[in-house]
Each structure stands twice: as structure tokens, then as C-alpha cells.
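1. for reference, the sequence and a predicted model appear below.
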Amino acid sequence: MRTKAVLAAGMLAVAGWVEAQQFTGPAVWQVVQTNAVKRWTEAQPKGADGIYTYPGVTVDVKKREVRLLAEAVGHRAGITTEFLLVGPMSDRAYEALAVTVASPSDIVRAVERLGLARGGGIGSRPFRFWPYGEHLSLAMIRLDDPARKEQPFSAFIKDSNTETPMIGADGIVFTGGRWIGDACLTDTNMPASVCSLYNEGATVFDVPSRVGQSEVYGRLTVAEQIPYGTLLEVVLRPLLPPDGKPRMLPLTLTLSKKADAFRLAITSADGRVSEDLPLTDGVKWLKARSEEGREPFVTLDIDEALTLADAARVAELFAMLDGKGLKLDGKPDRGVYPMAFLPQEKWRERKDRIPQPFELHLTRDANGAIRKKLVFIEEDWSGESLDPALTPKDYPFDTWDAFLPLVKRTGGPDNKVNLLFVFAPGDLPLREVMPGVRAVSDVLPLVYLFKTAASEEKEK
């Protein structure tokens, strides 16, 4: 029955019983081969142990695979492609290779039947910049091809960068789409992506690399034209490490300093401290996990007994390792994302900054006491110059309780800036700095910390 259905679908495409439609902008997709889709669905195995079906998608737990149906959009070769697959309610067919028959939510449910948990797209937690989730291989079968051979999806997408192609053996990441409770927003919210070719926060599947939309545009294109409405069977299989355990390894790394030596306490997701090692040995431990096929997603928590200079040294190390055996993921509840300790030096120049951040300046007086000062930079755009006139205003304060009200008062009710620059001596312990960062974190969540001279702040 299945063979007959496939042949019938192929005959429809080859005979041209449907008229191709040009998609050059947002438009609603209509299923082209309704009868062939119905026959494909009816031909799927049902009732057997470990077989689950949803409209347009079936999962075989024993075979460890998910199969779903999609229709080719019909773009000619060379057209820029930002999505391999979009859902049936998407208006982005003009940017996709094919449109799925199944809804994104049903595809997620099918993959979950294989025992894979939903991950999370970029932005699914604060300071998540890597797609998070288990990896799967994705192959496609053109049902108008009498041989009906599986081909990796890289065969359908041309990458102009042949030296370091974006699509490879790492497959795709099961980020799982965006949900509120039992409602899958990816079903209806544009772009309603099933498989994105750039890091799209709400997609069901993402590429494993860190890549923005502008980087994909013009780089990834349709490899060859597949006639409009051609049925494609998409096959998904888990890509787990050899021992079958999950690839994802979420960890919290607590960095401390004892006897002038850095140490790393490694805590797993269940709260169990598995290792407490010298920093160098801790990095080797992480490398060993990566070589075993694990993918450490690490949240770096720096002991506040460390100085600002120490924190910057450690952050620099982990910035070098990010994407090379581990991936930085989020920030601790009371801390900051590691890159906060590595601001660009050119950002010290106020005339080159748009917008102007709030500035917190910490200095020591002659007795060693910490002095606190908010600097708010007023911008006057009334002149003829294309640049505003900047007027820094100092607001000294004594306690951290006064900091948030001061920020709100100086910024005013229409303030849209959510950025804080902290200037403090490099030898100042973080315990003297972080209370200020936390005091305003609800309104100024983006933070960068600059080292100043040990005894005085660099005045602007």
C-alpha cells in the first residue's frame, strides 16, 4: 500500500497536475497534493507496539526514527534559503525549501516519543547564545524519485563556504520550539520554523553552530530545483554518544581561589558536585567529556572573594573555550554572564557610545573606604551637529539601597536604556561590586565591568 501511495504521489508531481506558484514574499501556504498526503498518512503503520502517528508524522520507537511529510516550495537553484522546513501555518514559504504537513507541535511530540527532551532555542533563558538540545540526523527522500534514496539534507542546500560548511555531521539540534504550558507558539507565531538554518529562537530544530540571520543570507541557497508540491519524506534519527547517554551535559562551574591557586567545582544539573579540581585539571575534565561525545553547557559562577582582575582572567579563558569543547550558557542567579568581565576598551570613550549607559564608579578614599558614585550622561540633540552634546552629572551615594531609586530618578519615566557600565579598581573583590549590580539588575540587566587603577578611577 505504501509503495502504491508513493508512486501515485510521484506521478502527480511528474505529470504536473498542479500548477506551480511563485513565492516572493510572505504568503499563506496551501497543501498542494491533498490526496497523495492522505494516501501517505493511510499507508503509515498503525497499531503496532512502539508506533505512534500524528497528522503528517509517524514515529517508530524500535527503529528510533521519526518520519514526516513535507511539500517542496519549488524555488529554483540559487535562491537564498533561511529555513529548511517551515510549518503549515507559516507565511515564510518564500524563504524555505519545503513546508511540512505536520504542525510543529506534533513534530515535537513525535520526537519526544524517542525519549529526547525538548532543549531550548537561543534566548530561551537569559544569556543563552547557543541552541541547546539533543542532536538528530536529518535525511530526505524525494517521493517523485523511483529509487527513493535517502539523502542528507546538506545535499539539498548549497553552502558557498566550502572550507567550513555550516551543515555537517553534527546534524540538527532539537530545541523544541517555544511553548506556554501546553500551547506551542511555534505553530502560529511567525516564522513558524520547523528547521531553521540560522539561530531562530522559537524553531523546533536549529543548526548546532552560532550563526545569525544576516550570516546565512546569500550563503545558503537551494542546491537544485525541486518541482512545486513535490512530496518529501523527512527522516529524523537521534545522534547520541556511543554509550547511548544524552549528549547534553548542563553544568555549573564554581570558580574559587585557594592559596593563590584557582579551583573549579563542577556541579551537575541535579546539584551533585562531581569534581573539585585545580582549574587546569578542571578544564582537562571538561575536554575529556567532550571527547566522549558529551556537550558541556556551562554556567560559570565566580566566587565573590575573587578580585575584578581575577574574574577577568578567568572569563578570558572561558571565552577562548566557548564553542571549542564547551558552550557558555546563561548566568548564575546572583552573578553575571562571563563576557561582562571582558568589555571592549573603546567603550570607555563616551563620545563613541550610543546609547549612553548608566555608569557606576567605585573608588577608594585615602582611608581605603569605598566611595560610590552614579554618573548619568545627559544627551542634548538640539544643536546642528549629528552628535549630541554630552553632559556627565555625578550623583554620589552612600548605601546600595539608594542606588536603584537614584537610577530611576535620573533616567526618568521614559528611560529605555538597560545597560550598566561599572568602573572599579582591578584589585577590588567582587563582594564590593556585585551588590551594586544586583541592586539594579531588574532595570539594568546588561552589565560590563571595567578595571581602573588600583587607587583611583580614570576620570572622563
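-> That came through, no problem. Residues are numbered from 1 along each chain as shown.
2. C-alpha only now, for contacts and for neighbours.
-> Will do.
3. mind checking how far the residue positioned nearest the centre of the chain is from E112?
-> In the chain, the residue lying closest to the centroid (Cα atoms, centre = their mean) is I122, at 2.3 Å. With distances taken as Cα to Cα, to the nearest Å, I122 is found 20 Å from E112.
4. doesn't L253 fall inside a strand?
-> Yes: counting by DSSP: H, G, I helix; E, B strand; the rest coil, L253 is located in a strand.
5. what number of residues lie near it?
-> 22 (other Cα atoms under 10 Å).
6. name the element the residue nearest to the centre of the chain belongs to?
-> Taking DSSP states H and E as the definition, one finds I122 inside no helix or strand.
7. now do the contacts for it.
-> Contacts for I122 (Cα atoms under 8 Å, 6 or more residues apart in numbering) come out as 128-132, 199-201.
8. make it 6 Å
-> 128-131, 201 (Cα atoms under 6 Å, 6 or more residues apart in numbering).
9. by neighbours, which of those wins?
-> Most surrounded of the contacts of I122: other Cα under 10 Å gives P131, at 28 neighbours.
10. kindly state the pLDDT recorded for that one?
-> P131 is assigned 98 on the pLDDT scale.
11. next, count neighbours for the closest residue to it other than its chain neighbours.
-> Nearest non-adjacent residue to P131, counting by Cα to Cα, 6 or more residues apart in numbering: G121, 4.8 Å away. Neighbours of G121 under the rule other Cα under 10 Å: 27.
12. pretty sure G121 sits against G201.
-> Yes: using Cα atoms under 6 Å, G121 is in contact with G201, at 4.5 Å.
13. and Y94, helix, strand or coil?
-> Classified using three-state DSSP, Y94 is helix.
14. what's around it, how many residues?
-> Neighbour tally, Y94, other Cα under 10 Å: 22.
15. then the one 4 residues further on?
-> Around A98 there are 29 other residues, counting by other Cα under 10 Å.
16. wait, a strand at it?
-> Yes: under three-state DSSP, A98 falls within a strand.
17. now do the same for it: its pLDDT.
-> pLDDT recorded at A98 is 98.
18. also L143?
-> pLDDT for L143: 95.
19. same question, E384
-> 75.
20. pLDDT wise, what is Y395 at?
-> Listed pLDDT for Y395 reads 97.
21. go on, G168?
-> At G168, the model reports a pLDDT of 80.
22. tell me which element V437 is part of?
-> Using DSSP H and E, V437 falls in helix 434-439.
23. what does the following helix or strand past that helix contact?
-> The element immediately downstream of helix 434-439 (helix or strand, assigned by DSSP H and E) is strand 446-452. Strand 446-452 is contacted from outside by 340-341, 343, 419-426, using Cα under 6 Å, 6+ apart.
24. pLDDT on strand 446-452, on average?
-> 96.
25. neighbouring strands of it in the sheet, and parallel or not?
-> Using DSSP bridges, strand 446-452 pairs in its sheet with strand 419-425 (parallel).
26. on that earlier part again, can you redo the contacts of I122 as TSV with secondary structure?
-> Putting the contacts of I122 into TSV (three-state DSSP) gives the following:
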residue	secondary structure
R128	strand
F129	coil
W130	coil
P131	coil
G201	coil
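27. and A265, how far from F341?
-> The value you get for A265 to F341, if Cα to Cα is used, is 20 Å.
28. tell me which of these two has more neighbours.
-> Neighbours were counted for A265 and for F341 using other Cα under 10 Å; F341 has more, 23 against 19.
29. might you report the residue contacts of that one?
-> 312, 449.
30. residues contacting the nearest residue to R125 once chain neighbours are set aside?
-> Nearest residue to R125, sequence neighbours excluded (Cα to Cα, 6+ apart): G330, at 6.8 Å. Taking Cα under 6 Å, 6+ apart, we find G330 in contact with 126-128, 299.
31. which of those has the most neighbours?
-> For these, neighbours tallied by other Cα under 10 Å; top is T299, 24 neighbours.
32. dump the residue contacts of the closest residue to P55 other than its chain neighbours.
-> Of all residues not flanking P55 in the chain, A102 sits nearest, at 5.7 Å (Cα to Cα, 6+ apart). The neighbours of A102, taking Cα under 6 Å, 6+ apart as the test, are 55-57.
33. how about a cut-off of 10 Å?
-> For A102, the contacting residues are 54-58, 68-70, 86-89, 187, 194, by Cα atoms under 10 Å, 6 or more residues apart in numbering.
34. mind checking which of these are buried?
-> Those of the contacts of A102 that meet the buried threshold are 56-58, 68-70, 86-89, 187, 194, by 16 or more other Cα atoms under 10 Å.
35. name the nearest of the residues you listed relative to D206.
-> Taking Cα to Cα as the measure, V194 is the one of those closest to D206, at 8.4 Å.
36. for the closest one, give me phi and psi.
-> Torsion angles at V194 (phi, psi; degrees, to the nearest 10) stand at phi -90, psi -50.
37. ok, K346 next?
-> Phi and psi for K346, reported as degrees, to the nearest 10, are phi -70, psi -20.
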